[in-house]
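Chemist: Return atomic coordinates for the entry below.
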Amino acid sequence: MRSAVIFGLAAVASAFQSSSTPLSRRTSALSSSADDVALPVNPAIKVAANGMSLLKPIFAAEASLQSAVLGAIGGVDKES
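Modeler: The predicted model follows:
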């Protein structure tokens, strides 16, 4: 059992070893090059992003209400 644990830890630790490939030369599926063409923005994403600014007052009111309720439960007074 102990050897299985040691083997498992060694396998996990090996995942954190650095590779011989320099970081500047590594690429991923999400990386792009100068030859790539920019994709158009999805209209649904654009509308959702613009809508987030409309929700800002709701988030501010929620934060204020949450701090008041949790402050009352915890017996903490609002500092002026």
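Chemist: in which helix or strand would I find the residue lying closest to Val76 once chain neighbours are set aside?
Modeler: Leaving aside its chain neighbours, Val76 sits nearest to Leu70 (7.9 Å; criterion: C-beta to C-beta, 6 or more residues apart in numbering). In this view, the C-beta of every residue, glycine as well, is placed from N, C-alpha and C. Element membership for Leu70 (DSSP states H and E) is helix 43-74.
Chemist: State the mean pLDDT of that helix.
Modeler: The average pLDDT for helix 43-74 rounds to 92.
Chemist: coming back round to it: run a quick neighbour tally on the residue nearest to Val76.
Modeler: Number of residues near Leu70 (other C-beta atoms under 10 Å) recorded here: 10.
Chemist: how close does it sit to Ala63?
Modeler: 11 Å (C-beta to C-beta, to the nearest Å).
Chemist: Kindly report the same for Gly75.
Modeler: Gly75 is 20 Å from Ala63, by C-beta to C-beta.
Chemist: These two: which is more packed in?
Modeler: Ala63 (10 against 6).
Chemist: how close does the more buried one sit to Asp77?
Modeler: Going from Ala63 to Asp77 by C-beta to C-beta gives 17 Å.
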